[in-house]
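K.L.:
Quick one: sequence plus predicted model below, questions after.
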Amino acid sequence: MFFTKRPLRRILLFLAVIGPAIVTSSADNDAGGIATYAIAGASYGYTLLWSLLLITFGEAIVQEMAARMGAVTGRGLSALIREEFGVRATFFAMLGLLIANLGTVIAQFAGIAAGLEIFGISKYISVPLTAFLIWQLVRRGSYDAVERTLLALCSALLAYIVSGIVVGPPWGQALRGTLIPSLRFDSNYILLLIASFGTTLAPWMQFYLQSSVTEKGITLRDYPYTRFEVLFGALFSNLVSWFIIVTTAATLFVHGISVESAADAACALAPLAGEYAGALFAVGLVGASTLAAAVLPLCTAYGICEAFGWERGINQEIQEAPLFYGLYTGIIVIGAAAILLPGVPLVPVMWLSQVANGLLLPVILILMIGLANDWRIMGNHANGRLSNAVAWFTAIFVALATVALLASGFF
């Protein structure tokens with residue numbers, strides 16, 4: 001292992017490359033993900049915890065594939081798709097990414113508004129202020145400064161771990177639910193299981209991670225540290241998910257209280273587990289939503305500009321990369337405006353984004369598998385059998401899950 005020789009030097013090198021994978025994995029624990037896991041714990045107790053082991057493994061394999069392609073080629077995922085599969089495939093992939101990310105950004109601003117309203121702050125203050133700060137972060141910051149800020153926002157997720165400890169759950173039951181699979185032939189249970197996979201693996205993650213690896217300048221020499229970071233990021237983000245389920249299972253499920261969102265869970269926790277547990281849950285929601293609201297517009301701007309060869313990058317000035325900053329600004333403005341303007345149909349917009357994510361992810365995974373197995377591109381760093389098996393299983397599972405979700409919505 002890379003920490004066995006010259007440990008201090010290797011730790012310093014690891015700290016130098018850390019950022020892309022942890023930010024990507026943490027941003028995926030967004031408002032929608034928190035809501036999914038809160039509903040899972042409130043509805044079914046500890047019985048869905050076992051799925052997080054599979055989710056963690058699948059996420060680590062897919063993320064490692066994206067990071068490895070970035071380190072080997074020095075190019076983002078959308079640029080590779082254009083070069084290898086043509087402009088038409090790239091156009092439809094970018095259109096799907098834009099639709100999916102727009103809806104997801106709206107969900108993040110909804111999470112910010114709901115989380116801060118618990119503390120008595122109106123959405124007409126919280127949403128415009130957060131949107132402006134997120135825009136200023138990228139507009140006036142360098143890549144290193146932006147990354148440090150995003151890493152600091154990742155620490156907000158620790159609130160869920162603390163809240164899980166505060167409620168004092170029965171650890172033995174939680175451990176059994178984690179290690180012993182429990183499959184129920186209940187349509188809501190199956191849908192939550194599918195949603196848990198879907199909310200953890202989203203198309204934008206692969207684009208953002210690979211773009212971040214290339215912009216940070218990570219090469220094959222540094223890649224062992226990035227591979228370790230990918231594993232750490234997957235473990236950390238799913239440990240947070242584990243504590244969200246445990247917290248709601250130990251409180252809401254025990255008292256038979258159902259919830260429909262993360263904000264509902266935060267409000268319901270206070271009288272059951274104390275105001276600190278409820279406040280921690282709300283703090284986590286605001287921090288996670290702010291992180292995702294910053295990352296998703298960046299991911300979209302990176303992906304689309306890479307796809308069509310336009311100037312891009314946080315280190316560029318607005319005059320040098322006007323389309324990059326224009327996309328970034330436009331997505332933030334639309335996301336914030338949708339929460340503030342009356343009459344905007346938020347539920348259909350968010351549902352459409354989930355459908356777009358579900359339809360796009362299998363396609364992106366199949367394209368990634370093709371790229372990662374191409375020896376002309378990857379050389380000796382092409383996919384191994386394990387990576388291919390897990391990636392193909394994930395692509396097929398997500399495709400079937402999307403069909404099931406669409407069918408359930410239709411009926």
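P.N.:
Yes, it's here. Numbers count the residues shown, from 1 in each chain.
K.L.:
Strands of the stretch 251-400 of the chain, residue ranges please.
P.N.:
In the stretch 251-400 of the chain, no strands are found when defined by DSSP state E, counting those that start in this stretch.
K.L.:
Low-confidence ranges, it, go.
P.N.:
270-275, 345-352 (pLDDT under 70).
K.L.:
Going along the chain, name the helices of it.
P.N.:
Here the stretch 251-400 of the chain has its helices, by DSSP state H, counting those that start in this stretch, at 262-273, 275-307, 322-340, 346-372, 375-378, 385-410.
K.L.:
ditto for the stretch 101-250 of the chain
P.N.:
Using DSSP H, counting those that start in this stretch, helices in the stretch 101-250 of the chain cover 123-140, 143-154, 158-166, 171-179, 187-200, 203-216, 223-248.
K.L.:
So, low pLDDT: which residues of the stretch 101-250 of the chain?
P.N.:
For the stretch 101-250 of the chain, no range has pLDDT under 70.
K.L.:
most packed of the helices of the stretch 101-250 of the chain?
P.N.:
helix 203-216 (a mean of 26; mean count of other CB atoms under 10 Å). From N, CA and C alone the C-beta is placed, and that goes for glycine too.
K.L.:
what about dumping the CA coordinates of it to PDB?
P.N.:
What follows is helix 203-216, C-alpha atoms only, in PDB (Å, rounded to 0.1, in the frame of the first residue of the first chain):
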ATOM      1  CA  PRO A 203     -24.600  10.800 -14.500                       C
ATOM      2  CA  TRP A 204     -23.200  14.200 -13.400                       C
ATOM      3  CA  MET A 205     -20.900  12.500 -10.900                       C
ATOM      4  CA  GLN A 206     -18.800  10.800 -13.700                       C
ATOM      5  CA  PHE A 207     -18.500  14.100 -15.700                       C
ATOM      6  CA  TYR A 208     -17.600  16.200 -12.700                       C
ATOM      7  CA  LEU A 209     -15.100  13.800 -11.200                       C
ATOM      8  CA  GLN A 210     -13.200  13.300 -14.500                       C
ATOM      9  CA  SER A 211     -13.200  17.000 -15.300                       C
ATOM     10  CA  SER A 212     -11.900  17.800 -11.800                       C
ATOM     11  CA  VAL A 213      -9.100  15.200 -12.100                       C
ATOM     12  CA  THR A 214      -8.000  16.800 -15.300                       C
ATOM     13  CA  GLU A 215      -8.200  20.400 -14.200                       C
ATOM     14  CA  LYS A 216      -6.300  19.600 -11.000                       C
END
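K.L.:
ok, the nearest residue to V105 once chain neighbours are set aside - contacts?
P.N.:
Of all residues beyond its chain neighbours, the one nearest V105 is G335 (3.6 Å), with distances taken as CB to CB, 6 or more residues apart in numbering. By CB atoms under 8 Å, 6 or more residues apart in numbering, the residues touching G335 are 102, 105-106, 108-109, 131, 293, 297.
K.L.:
wait, isn't A107 in contact with S353?
P.N.:
Yes: with contact defined as CB atoms under 8 Å, A107 reaches S353; the gap is 7.2 Å.
K.L.:
For H255, give its distance to I366.
P.N.:
44 Å (CB to CB, to the nearest Å).
K.L.:
neighbour-wise, which of the two wins?
P.N.:
The residue with more neighbours, out of H255 and I366, is I366; 15 against 11, by other CB atoms under 10 Å.
K.L.:
and that one, what is it in contact with?
P.N.:
By CB under 8 Å, 6+ apart, I366 lies in contact with A395.
K.L.:
With adjacent residues omitted, what lies nearest to A372?
P.N.:
Per CB to CB, 6+ apart, closest to A372 is N383, 4.4 Å.
K.L.:
State the number of residues packed around the one you found.
P.N.:
23.
K.L.:
and what of the one 5 residues further on?
P.N.:
Neighbouring residues of N388 were enumerated by other CB under 10 Å; the total is 16.
K.L.:
same deal with R75?
P.N.:
17.
K.L.:
One more: A307?
P.N.:
22.
K.L.:
V87 too?
P.N.:
Counted with other CB under 10 Å, V87 comes out at 11.
K.L.:
and it, what pLDDT?
P.N.:
For V87, the pLDDT comes out at 89.
K.L.:
need the contact list for E260.
P.N.:
So E260 contacts 35, 39 (CB under 8 Å, 6+ apart).
K.L.:
The one 5 residues further on now?
P.N.:
Taking CB under 8 Å, 6+ apart as the contact definition, A265 lies against 35, 38, 42, 248, 252, 259, 281.
K.L.:
for E320, same thing?
P.N.:
E311.
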